[in-house]
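Novice: I would like to see how this sequence folds:
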Amino acid sequence: MNLATLVKVATQSILRHKLRMALTMLGIVIGVAAVLIMIAVGQGAQTRIAEQIKNLGTNLIVITAGTSNSGGVSQGAGTFNRLTEDDATKIKREATLLAGVSPVVFAPTQAITASGNWRTVVNGVSTDYQVIRDWTTQSGVFFNDADVRTARKVAVIGSTIAKNLYAGTDPVGQQIQLRNVPFTIIGVLNSKGQTAGGADQDDVVVIPYTTAKTRLSGRSGGWSRISQILASTNSASDLPAAQEEIRAIMRESHKLGDDAYDDFTIRNQDELADAAQGTTKVMSWLLAAIASISLLVGGIGIMNIMLVSVTERTREIGIRLAIGARQSDVMTQFLIESVVISSLGGVIGIVIGAAGSLVLGQITGWSTAIPLSAVVIAVGFSAAVGVFFGLYPARQASRLDPIQALRYE
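Specialist: A predicted model of the protein is given here:
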């Protein structure tokens, strides 16, 4: 028999027992749907993380306090902070591949206004911060170099602060009190949303770093420590070379010998994204692997039903073999039945998985996305399950003795 005839015969055989075949496909349907939903959630999470990392800034480089090393043992990231304003100044002066450099001074504090108060984080930065973070204002302006030089008490607030403390009014020109120091709001930043770690980027007050040091921390002078240094390049291709350039400048600034460990850490935007996405990818594939157990169960169900089918159709097989059908024809017929069952289950599972991921996204607000490769793999894998688990029953059917099969009751 040719392939078309075998497919027709196999399909007719399946349709004779609709309920049994539907129950047999259930394991494949559940398995494929569950795997697709897990991949959709994971893919959506990775896409969301990529967007959030991109929101951090353009070609971002982050320089933080590194690790001190005692007796060959690392003391842990951030345990030894030697970052200073002078480091940022030296990098800005000597680096050739950077579009902007800004020291950052963090100061968690209570923001107080006439309408209430709000716990937030103050970022003391330079004017380059706006370029580095690619952060525009929705109203008002960002502070300028003169404001930084004179340590003026001006502030630019995030949209979360504006929404909670100045609802229904324009904050520009109004006062906000930070650690008992009054500041004038000169701008409101556009919304950037959450970071990959879930922190609200818009819950921030940005002021000149000179003001942060003198007014909020009570320290002045280049010797005082800063929280981190942010920098950016003109193009993504410059990131590796810029990092090496910054490393050389920092080692010279900190007078580190050739054998000394770096007492700072330099990371770029891509590294931050890879770290966040790597964790998400591992979790996604772990969940998908757990969900794929249903495919194994479904495959075992197909094998069981096909063995029952061989037993029920022993006389039919005997007649086919007796009138000239080859063993390969019988084997192919049962194998096709198994593949059709599993493939149909896979297609139904894809439909349910796609619908399920959309519903899940709507209910939870999660970002979901099903890549085309996942759909192709799901169909291929379900067909492979049919071949693998249908092979043994098909071989059993093809090896029946025609005479014994005709005598079977």
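
Novice: pull the number of nearby residues for the closest residue to residue 192 other than its chain neighbours.
Specialist: Spatially, and ignoring its direct neighbours in sequence, residue 192 is nearest to residue 201 (4.2 Å; Cβ to Cβ, 6 or more residues apart in numbering). (C-beta placed from N, C-alpha, C; glycine too.) The local packing of residue 201 (other Cβ atoms under 10 Å) involves 19 other residues.

Novice: quick one: the residue lying closest to residue 157 once chain neighbours are set aside and residue 161, what's the gap?
Specialist: Of all residues not flanking residue 157 in the chain, residue 205 sits nearest, at 5.2 Å (Cβ to Cβ, 6+ apart). Noted for residue 205: a distance of 6 Å to residue 161, by Cβ to Cβ, to the nearest Å.

Novice: tell me, what's touching those two both at once?
Specialist: Common contact partners of residue 205 and residue 161 (Cβ atoms under 8 Å, 6 or more residues apart in numbering): 111, 120, 176.

Novice: among those residues, name the ones in strands.
Specialist: In this view, those that belong to strands under DSSP state E are 111, 120, 176.

Novice: for residue 31, see how far away the first one is.
Specialist: Translated: residue 111. 52 Å.

Novice: the last one now?
Specialist: Between residue 176 and residue 31 the computed distance is 56 Å (Cβ to Cβ).

Novice: out of the two, which sits in the more crowded spot?
Specialist: More crowded of residue 176 and residue 31, by other Cβ under 10 Å: residue 31, with 27 against 24.

Novice: list the contacts of that one.
Specialist: Contacts for residue 31 (Cβ under 8 Å, 6+ apart) come out as 291, 292, 293, 294, 295, 296, 297, 298, 349, 382.

Novice: and the last one, how many neighbours does it have?
Specialist: It stands for residue 382. 29.

Novice: and residue 257, how many neighbours does it have?
Specialist: Neighbour count for residue 257, taken as other Cβ under 10 Å: 7.

Novice: wait, a helix at it?
Specialist: No - read with DSSP: H, G, I helix; E, B strand; the rest coil, residue 257 is coil and lies in no helix.

Novice: phi, psi of it?
Specialist: Per-residue torsions, residue 257: phi -70, psi 170 (degrees, to the nearest 10).

Novice: and the pLDDT for it?
Specialist: As predicted, residue 257 sits at a pLDDT of 87.

Novice: same check on the one 5 residues further on?
Specialist: Per-residue confidence at residue 262 stands at 88 (pLDDT).

Novice: just give the closest residue to it, not the sequence neighbours.
Specialist: Residue nearest to residue 262 in three dimensions, not counting chain neighbours: residue 66, with 5.2 Å by Cβ to Cβ, 6+ apart.

Novice: from residue 146, how far off is that neighbour?
Specialist: Residue 66 is 34 Å from residue 146, by Cβ to Cβ.

Novice: can you count the residues close to residue 65?
Specialist: Counted with other Cβ under 10 Å, residue 65 comes out at 19.

Novice: could I get the pLDDT score of it?
Specialist: pLDDT, residue 65: 85.

Novice: same check on residue 333?
Specialist: 76.

Novice: wouldn't it be in contact with residue 9 here?
Specialist: Yes - if you go by Cβ atoms under 8 Å, residue 333 and residue 9 touch, sitting 5.9 Å apart.

Novice: which of these two has more residues huddled nearby?
Specialist: Neighbours per residue, other Cβ under 10 Å: of residue 333 and residue 9, the larger number sits with residue 333, 23 against 16.

Novice: any idea which element that one lies in?
Specialist: Assigned by DSSP states H and E, residue 333 belongs to helix 327-364.

Novice: show me what counts as buried in that helix.
Specialist: Across helix 327-364, burial judged by 16 or more other Cβ atoms under 10 Å covers 329-350, 352-354, 356-357, 360-361.

Novice: ditto for stretch 22-39
Specialist: So for stretch 22-39, counting by 16+ other Cβ under 10 Å, buried means 24-39.

Novice: for stretch 100-120, same thing?
Specialist: Neighbour-count burial for stretch 100-120 [16+ other Cβ under 10 Å]: 100-105, 107, 109, 111-113, 118, 120.

Novice: what is the nearest of those to residue 229?
Specialist: Distances from residue 229 to the buried residues of stretch 100-120, taken as Cβ to Cβ, are shortest for residue 103 (5.6 Å).

Novice: now do the contacts for the closest one.
Specialist: Contacts of residue 103 by Cβ under 8 Å, 6+ apart are 83, 85, 87, 88, 124, 125, 126, 209, 226, 228, 229.

Novice: just name the closest of the residues you listed to residue 317, please.
Specialist: Taking Cβ to Cβ as the measure, residue 228 is the one of the contacts of residue 103 closest to residue 317, at 74.9 Å.

Novice: sorry, back to before: isn't the residue nearest to residue 157 up against residue 121?
Specialist: Yes - shown here, residue 205 and residue 121 form a contact pair, counting by Cβ under 8 Å, at 7.4 Å.

Novice: of the two, who's got more company?
Specialist: Using other Cβ under 10 Å, the more surrounded residue of residue 205 and residue 121 is residue 205, with 24 against 16.

Novice: what helix or strand does the more buried one sit in?
Specialist: strand 204-208.

Novice: what pairs with that strand, parallel or antiparallel?
Specialist: strand 116-125 (parallel), strand 154-157 (antiparallel) (DSSP bridges).

Novice: could you measure from residue 330 over to residue 324?
Specialist: 12 Å.

Novice: and residue 160, by the same measure?
Specialist: 80 Å.

Novice: between the two, tell me which one has more neighbours.
Specialist: Higher neighbour count among residue 160 and residue 324: residue 160, with 17 against 7, using other Cβ under 10 Å.

Novice: doesn't the more buried one belong to a helix?
Specialist: Yes - read with three-state DSSP, residue 160 is one of the residues of a helix.

Novice: so how far is residue 325 from it?
Specialist: Separation of residue 160 from residue 325 (Cβ to Cβ): 74 Å.

Novice: and residue 66 and residue 146? Which one has more around it.
Specialist: For the pair residue 66 and residue 146, the greater number of neighbours falls to residue 66 (24 against 10), based on other Cβ under 10 Å.

Novice: rewinding a little: which helices and strands does the helix or strand just after the helix holding residue 333 pack with?
Specialist: Sequence order places helix 372-398 as the next helix or strand after helix 327-364, per DSSP H and E. Counting contacts by 3 or more Cβ pairs under 8 Å, 6 or more residues apart in numbering; DSSP states H and E, helix 372-398 packs against helix 18-55, helix 293-312, helix 327-364.
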